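[1] please work out how this folds:
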Amino acid sequence: MLFCQLAQAKSLREISDGLAVTCGKLSHLGLRTTPAKSTLSYVNAHRPWELYQDVFFHLRDFCRSESPVKKKKFRFKNKLLSLDSTTVDLCLSLFPWADFRQTKGAIKLHLLLDHDGYLPDFAVITDGKTADVTAAHNFTLTSGSIVAVDRGYYDFELFAQWNNSGVFFVTRLKSNATYEVVKDCPLPQYSNILSDQLIRFTGYQSRQKFPGLLRRVVVWDEDNQREIELLTNHLRFGATTIGRIYRTAWEIELFFKVLKQHLKIKTFVGTSPNALKTQIWTALIAVLLLKYLQFRSKCNLPLCRLVALLRLNLFSYRNLWDWLDDPFETPPELLTHNWNWRFRQHMISLSNDIVSKRG
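    Model prediction:
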């Protein structure tokens with residue numbers, strides 16, 4: 001399945017054939033023979049997807065420990081997270097169990113992104129009808145962490161749960177929200193902050209679920225020429241910092257873009273729920289492996305370029321760490337081999353000329 005992800009194989013037959021033409025290079029993986037298409041199909045249908053989920057979490061912990069210490073964008077030491085979901089469209093005739101709309105099937109991948117190394121921290125796979133707020137209750141956030149979410153997670157019960165757990169959130173304020181201003185805070189000079197207020201919601205349901213104070217920060221978006229109203233329960237950070245925290249939530253959209261464009265989660269090699277979840281979890285495992293290689297590389301290649309180059313060198317006998325530092329350099333042993341080959345060809349040609357002249 002990792003070969004499926006990295007080589008962009010489109011079917012079980014392509015996986016089996018692609019591994020079969022590696023000229024015996026699977027021996028270092030402990031594979032004497034290439035798995036047949038029927039074997040892959042049976043495993044995808046019967047081997048529980050929870051196995052790959054466990055592998056993902058073990059690998060995630062390893063990548064956390066190997067993540068390089070980089071200069072942070074913010075001064076605070078709180079862990080910064082982004083929570084969002086992406087919808088994967090499915091053909092309803094092939095995936096009848098993934099009913100989403102009348103003529104369309106879909107599943108949702110809900111993901112928590114850790115901004116320390118931009119590693120996927122936790123994931124939940126649900127059907128396409130599951131609301132983001134419903135899936136958010138499956139994520140356990142550590143006290144003191146800051147999570148940036150969009151308006152799909154606008155729910156006062158969820159906000160109260162996070163607030164009681166010591167978790168800070170930053171999200172968009174809905175345009176129809178009713179609230180009263182408790183205090184106007186001073187604005188920073190020479191910034192894009194238009195308003196900074198402490199507010200309390202006046203609606204009956206919202207006040208019952210979250211009776212405490214919240215903070216409303218209005219930011220001017222210069223790129224789109226519009227105002228953005230933010231809502232947060234963090235009352236101490238500067239308003240500029242709150243605006244920058246919400247802006248970094250875009251990183252999870254970039255993560256989804258890499259996942260969909262460079263790995264296999266848009267088309268599937270199996271149609272059962274187990275096969276689909278297996279393929280998604282192996283895609284997340286592949287992302288962690290790629291992030292680890294990116295950590296070790298001195299070439300500073302973006303993730304999309306790294307996976308493209310790796311696809312072209314999957315079964316090349318190269319020192320991996322040397323290749324990561326300079327993927328475009330020819331190894332010395334290959335240069336020596338090419339020189340010896342050219343020398344032998346030259347000697348053969350010279351010998352043939354001598355023989356022809358004597359003849």
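[2] what about stretch 39-54, how long is it end to end?
    Distance across stretch 39-54, first residue to last, is 22 Å (Cα to Cα, to the nearest Å).
[3] what comes up buried for that stretch?
    Residues 40-41, 44, 49, 52-53 are the ones in stretch 39-54 that count as buried (16 or more other Cβ atoms under 10 Å). The C-beta positions use only the backbone N, C-alpha and C, and glycine is treated the same way.
[4] one more: stretch 302-322?
    Result for stretch 302-322 [16+ other Cβ under 10 Å]: buried residues 303, 306-307, 310.
[5] for these, give me TSV that also has distance to Thr282 and secondary structure.
    Below are these laid out as TSV (distance: Cβ to Cβ, whole Å; DSSP: H, G, I helix; E, B strand; the rest coil):
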residue	distance to Thr282	secondary structure
Leu303	17	helix
Leu306	18	helix
Val307	14	helix
Leu310	15	helix
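[6] related to what we said a few turns ago, out of the buried residues of stretch 39-54, who's nearest Gly238?
    For the buried residues of stretch 39-54, the residue nearest Gly238 by Cβ to Cβ is Gln53; the value is 39.1 Å.
[7] what helix or strand is the closest one on?
    Per DSSP states H and E, Gln53 falls inside helix 50-66.
[8] so in that sheet, which strands flank the following helix or strand past that helix, and in what orientation?
    Next helix or strand after helix 50-66 toward the C-terminus (DSSP H and E): strand 80-90. Applying DSSP bridges to the sheet, strand 80-90 is found paired with strand 104-114 (antiparallel), strand 146-148 (parallel).
[9] so the helix holding Gln53 versus strand 104-114, what angle?
    Angle of helix 50-66 versus strand 104-114, following axes from the mean of the first three to the mean of the last three Cα atoms, to 10 degrees, is 30 degrees.
[10] tell me what helix 50-66 is packed against?
    strand 119-127, helix 273-296 (3 or more Cβ pairs under 8 Å, 6 or more residues apart in numbering; DSSP states H and E).
[11] buried residues in the helix or strand just after the shortest one, which are they?
    Meaning strand 119-127. Counting by DSSP H and E, the next helix or strand C-terminal to strand 119-127 is helix 132-136. Buried residues in helix 132-136, counted by 16+ other Cβ under 10 Å: 132, 135-136.
[12] run the chain-centre distance for helix 132-136.
    Centre-to-centre, helix 132-136 and its host chain are 18 Å apart (Cα atoms, centre = their mean, to the nearest Å).
[13] could the buried residues of stretch 302-322 go into JSON lines alongside pLDDT and distance to Asp84?
    As requested, the buried residues of stretch 302-322 are arranged in JSON lines below (pLDDT from 0 to 100; distance: Cβ to Cβ, whole Å):
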{"residue": "Leu303", "pLDDT": "86", "distance to Asp84": "18"}
{"residue": "Leu306", "pLDDT": "90", "distance to Asp84": "23"}
{"residue": "Val307", "pLDDT": "89", "distance to Asp84": "21"}
{"residue": "Leu310", "pLDDT": "90", "distance to Asp84": "26"}
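[14] quick one: which of those residues is nearest to Leu276?
    Distance to Leu276 across those (Cβ to Cβ) is lowest for Val307, with 21.4 Å.
[15] the closest one contacts Lys264, doesn't it?
    No - counting by Cβ atoms under 8 Å, Val307 does not reach Lys264; the two are 11.4 Å apart.
[16] can you give me the end-to-end distance of stretch 119-133?
    22 Å.
[17] pull out the buried positions in that stretch.
    119-126, 128, 132.
[18] next up, phi/psi of the one residue sitting closest to the centre of the chain, please.
    The centre of the chain sits closest to Phe255, judged by Cα atoms, centre = their mean, with a distance of 4.2 Å. According to degrees, to the nearest 10, the main-chain angles of Phe255 amount to phi -60, psi -50.
[19] who's in contact with it?
    Contacts for Phe255 were tallied using Cβ atoms under 8 Å, 6 or more residues apart in numbering; they are 111, 113, 118, 120.
[20] could you report the neighbour count for the second one?
    Other residues lying near Leu113 total 26 when counted by other Cβ atoms under 10 Å.
[21] would you quantify the distance from it to Ala131?
    Per Cβ to Cβ, to the nearest Å, Leu113 is found 20 Å from Ala131.
[22] buried residues in stretch 7-14, which are they?
    Buried-residue list, stretch 7-14, by 16+ other Cβ under 10 Å: 7-9, 12, 14.
[23] and of those residues, the nearest to Asp184?
    For these, the nearest to Asp184 is Gln8 (54.8 Å; Cβ to Cβ).
[24] quick check: the closest one touching Lys266?
    No - Gln8 is beyond contact range of Lys266, at 10.8 Å (criterion: Cβ under 8 Å).
[25] residues near Phe328, how many?
    7.
[26] give me the pLDDT value at it.
    Phe328 carries a pLDDT score of 85 in this model.
[27] which residues of the stretch 151-300 of the chain score low on pLDDT?
    Within the stretch 151-300 of the chain, no stretch falls below the threshold (pLDDT under 70).
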